[in-house]
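Visitor: Pasting the sequence and the predicted model now:
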Amino acid sequence: MSAHTPPSAPRSLAEALRARDEASLAALLRSRPDLITPVPTDLTQLATRAGTRASVLRALERLDRFALQTAEALAVAPEPASYEILLGLMAGYARDETVAAALPRAVATLREQALVWGDDERLRLVRTARELLAPSAQHPSPTGLGPSVQEATAGMSPGRIQEIVGAAGLASTHDSVSAVGALTALFTHRKKMAALLAKAPEAAREVLSRLVWGPPYGQVTADPAAHLRWLLDRGLLLPTAPGTVVLPREVALHLREGRAHRTPEPLPPAVEPAATHGPQIVDATAAGQAYTALATVEELLKDWDEGGPAVLRAGGLSVRDLKRTAVALDVPEPVAAFWVELAYAAGLLASDGEADERYAATPAYDEWLERPPAERWARLAEAWLLATRTSGLVGGRDAKDRTLSALGPGLDRSAAPEVRQRVLTLLAGLPQGAAPSAESVLARLLWERPLRGPQRDGGTDDLRSRLARWTLSEAELLGVTGRGALSSQGRALLGAPAAAHPSAAAEPSGPGDKLPVHHRPGALPEPLSPTEQTVATAAAAQLLAPLLPEPLDHVLLQADLTAVAPGPLRRPLADMLGILADVESKGGATVYRFTPASVRRALDAGRAAADLHAFLTAHSRTPVPQPLAYLIDDVARKHGHLRVGAASAYVRCDDDALLNEILADKRAAALRLRRLAPTVLAAPTDPATLLEGLRAMGYAPAAESAEGDVLITRANAHRTPPRTAPEPVPDGPPPPDATLLAAAIRAIRAGDLAATAPRKPSGGAPTGGELPRTSSAETLATMQAAVLTGESLWIGYVNAEGTASQRVIAPIRVEGGFVTAYDHTADEVRTYPLHRVTGVAELAED
């Protein structure tokens, strides 16, 4: 089976690109968007840019395992190499049918990405890619192959080469070049090579077997053993440095049965279901997690309502504050970091920017609270899906060995959105209710983007694998998945079909299977446009809405000073109950406990005892227990009896006996109170400290203003100024849309036409790639003649910014110092000032 052969053999990458149609160019620019940032002037510049080291590295890192193995095989093949040679390197002498069937797709992928060019008889790897993938002593090849005979003998003396040729049983030659060629021919001849190795000592064959799959280098002494000397004499091992020998590539390939890779991987590993659940169970479980996610984010930001933790000098949340947050949310610290980062990514949390900078909820949080629960969840899920900030890194170390903190710098990883999209896409490819094993997902991701280069972030796994593990756990926390399977709202969020047939779990049997683009081996899903993502998010909210429990307008009061909320509460009821009572336990039902401190909190917020009685009566399905009524009345009777103001601080009370009781209490010693008048005590502390001290002693003081009015403490008092959610950090230029692609290709084609159009020889035509130069009179006369004959001209033009360019135009009218012409470069009619035209030349008739 042979790959597609272009109609003519190009002589360079630029010529190969020039022979492509618009669809092929669009595929190249879509897969390598850095090539049109900015848009090249012509195809020659595009080819040059496609061969730069940074661009080639980016392209190689986005190849799947088999396409990368194919590129690695081309890097050790002769240049140019025929398709048959490449097939031999990949499929071996036995011609593995699976590898042979998959190879055309791999070659097509490399051609599409402009990493390989040429027809099937002369395949060439882009020079930069060959330099990166070819084996060397400093950078061993992933194939485990060493240098060729020609490369290994480059510094060897002609006499020594002739000795090796003679020992190998070959006739001596007149020069080193022919001697190396004869030795290479011997090593690549299967029968002759087999006969030579049959004579080798057993110990020598053992040495070869240890080097055959790499690394190909070994150490020898100045006086090697007899079996090593046998190998050295016949060139089966060649010296590269004193004490170092290498197994020549041709010898290794013979021992490997022609294969460049020990284990070619033509097909992606299957994502196998580890468990299967009913779709309704999955959706119900995910909906429960979604409700818990909303409650957790609300609890987090309610805890920070009056000003959250301080911002570290370097930015972020301190380890101590993260621990406190984890305790408040009753979750482990890594999970607390996830919720904090999620709220930040959704724009609900930010720093207030004050001198004493602290974290607090944003105004967007109040707007978010007013939305229906399903829409609030959809906003969190979309923010998570697109965010580059990665909470899993919290607690790790950066490149400068500094601790990475939640909400701090250094947590952005550009690959995070891509990995999340891909993991969810793999889950969407399984039947509904199927939960895959994490190992099969990781194996598939590793095949699609094999690990290249050193491991980053100091982990034992590569970054993509860790991102995938975090994605699986975070999706479960957020309610995108339920019991490990993708939920209906998760599919909608991804923009995937609402349901998958069980047969969708089957992996493609070969590269020719007709699958959607995002399910083809090695192909990642195209990211949704902002409009498409908005539609997908709205669809996810619609699917989730009927699965969430309806908010209740009542609680069940009990005689032990507790209230049970049998489900989620409506917003006003939940807010008021959160002030009047403390949450004791959470779960399917929430238990609130009434205490003197919680009742006093409601009184401090401006509620009267009658208001509290009326509230409980209106919202309780059970009668208000007598102990609760007594508690409210008792706290209300004492509330405000003592008044605390600013002196530094003072205590005022009409009952001097109560003030005597406070002064006599040993617990008041730390407050250092002293009497100013029969009804007034003063303290050197601030009013807030004095309030807390008296409350700790069991009293119910109230703060008052300078005018003597009671100060009402209201919740939700602190908000940041308007803040926008953090922008994701992209991994290179974003993929171009269809409009940009069409415009870029049109501009490149037109620029290439201007650069390659044949010109008539004239005095103004340049000898190289320079702009034409003619006098003003010659330019005007040539323009006027072209108007009469309808011919096209090649002109040099300098715009108002001083940028020079060359264009092909068909003049229509020349008047008033301007030429109006159809510009083939821009594909439109334009008007140019004649004084900016540097010169003009006629195009050849063909």
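Guide: Structure's in. What do you need? Residues are numbered from 1 along each chain as shown.

Visitor: how close does residue 803 get to residue 34?
Guide: To residue 34, residue 803 is 22 Å away according to C-beta to C-beta, to the nearest Å. To be clear about C-beta, it is placed using only N, CA and C from the backbone, and glycine gets the same treatment.

Visitor: For these two, work out which one has more neighbours and name it.
Guide: Using other C-beta atoms under 10 Å as the criterion, residue 803 and residue 34 rank with residue 34 on top: 15 against 8.

Visitor: Provide a list of residues in contact with the more buried one.
Guide: By C-beta atoms under 8 Å, 6 or more residues apart in numbering, the contact set of residue 34 is 49, 54, 55, 58, 732, 733.

Visitor: in the strand ranked longest in the chain, what counts as buried?
Guide: Longest strand in the chain, counting residues (DSSP state E): strand 804-815. Residues 805, 806, 807, 808, 809, 811, 814 are the ones in strand 804-815 that count as buried (16 or more other C-beta atoms under 10 Å).

Visitor: Could you do stretch 718-729 as well?
Guide: 719, 720, 723, 725, 726, 728.

Visitor: Pretty sure the fourth one sits against residue 342.
Guide: When you say that, I think you mean residue 725. No. Between residue 725 and residue 342 there is no contact under C-beta atoms under 8 Å: 11.0 Å.

Visitor: Now do the shared contacts for these two.
Guide: residue 383.

Visitor: rewinding a little: pull out the buried members of the contacts of residue 34.
Guide: Here, 16+ other C-beta under 10 Å leaves 49, 55, 58 buried among these.

Visitor: how about the helices in the stretch 1-150 of the chain?
Guide: According to DSSP state H, counting those that start in this stretch, the stretch 1-150 of the chain carries its helices in the segments 13-18, 22-31, 43-50, 53-61, 65-75, 83-91, 97-112, 127-133, 149-152.

Visitor: where does the protein dip in pLDDT?
Guide: Residue ranges of the chain with pLDDT under 70: 1-8, 451-461, 497-525, 640-647, 706-717, 754, 757-772, 825, 844-846.

Visitor: again, only this time at 50
Guide: Applying pLDDT under 50 to the chain picks out residues 1-6, 452-460, 500-522, 715-716, 763-769.

Visitor: Looking at it, which helix is longest?
Guide: Across the chain, the longest stretch assigned as helix under DSSP state H is helix 279-303.

Visitor: Could you pull up the contacting residues of residue 227?
Guide: So residue 227 contacts 200, 201, 202, 203, 204, 207 (C-beta under 8 Å, 6+ apart).

Visitor: What sits closest to residue 122 if chain neighbours are left out?
Guide: Spatial nearest neighbour of residue 122, chain neighbours left out: residue 80 (3.9 Å); criterion: C-beta to C-beta, 6 or more residues apart in numbering.

Visitor: Wait, a helix at residue 796?
Guide: No. Assignment of residue 796 by DSSP: H, G, I helix; E, B strand; the rest coil gives strand, placing it outside any helix.

Visitor: Just to check, it is in contact with residue 838?
Guide: Yes. Counting by C-beta under 8 Å, residue 796 touches residue 838, with 3.7 Å between them.

Visitor: more neighbours, the two?
Guide: Per other C-beta under 10 Å, whichever of residue 796 and residue 838 has more neighbours is residue 796, with 23 against 19.

Visitor: Just want the most central residue of the chain.
Guide: residue 415 (1.9 Å; C-alpha atoms, centre = their mean).

Visitor: Could you report the separation of that residue from residue 398?
Guide: For residue 415 relative to residue 398 (C-beta to C-beta), the value is 17 Å.

Visitor: cool, and residue 215?
Guide: 33 Å.

Visitor: cool, residue 298 as well?
Guide: Relative to residue 398, and taking C-beta to C-beta, residue 298 is found at 32 Å.

Visitor: Neighbour count for these two, which is higher?
Guide: residue 298 (20 against 15).

Visitor: and that one, what does it touch?
Guide: residue 369.

Visitor: for residue 318, same thing?
Guide: 309, 310, 312, 405.

Visitor: how about the strands in the stretch 701-846 of the chain?
Guide: 702-703, 793-798, 804-815, 818-823, 828-833, 837-842 (DSSP state E, counting those that start in this stretch).

Visitor: Which one of those strands lies nearest to residue 179?
Guide: Closest approach to residue 179 among the strands of the stretch 701-846 of the chain (C-beta to C-beta): strand 804-815, 51.6 Å.

Visitor: Which stretches in the stretch 501-650 of the chain count as strands?
Guide: Under DSSP E, counting those that start in this stretch, the stretch 501-650 of the chain gives strands at 556-558, 562-565, 582-585, 590-593, 643-645, 649-652.

Visitor: Quick check: residue 221 is in a strand.
Guide: No. Residue 221 is assigned coil when assessed by three-state DSSP, not a strand.
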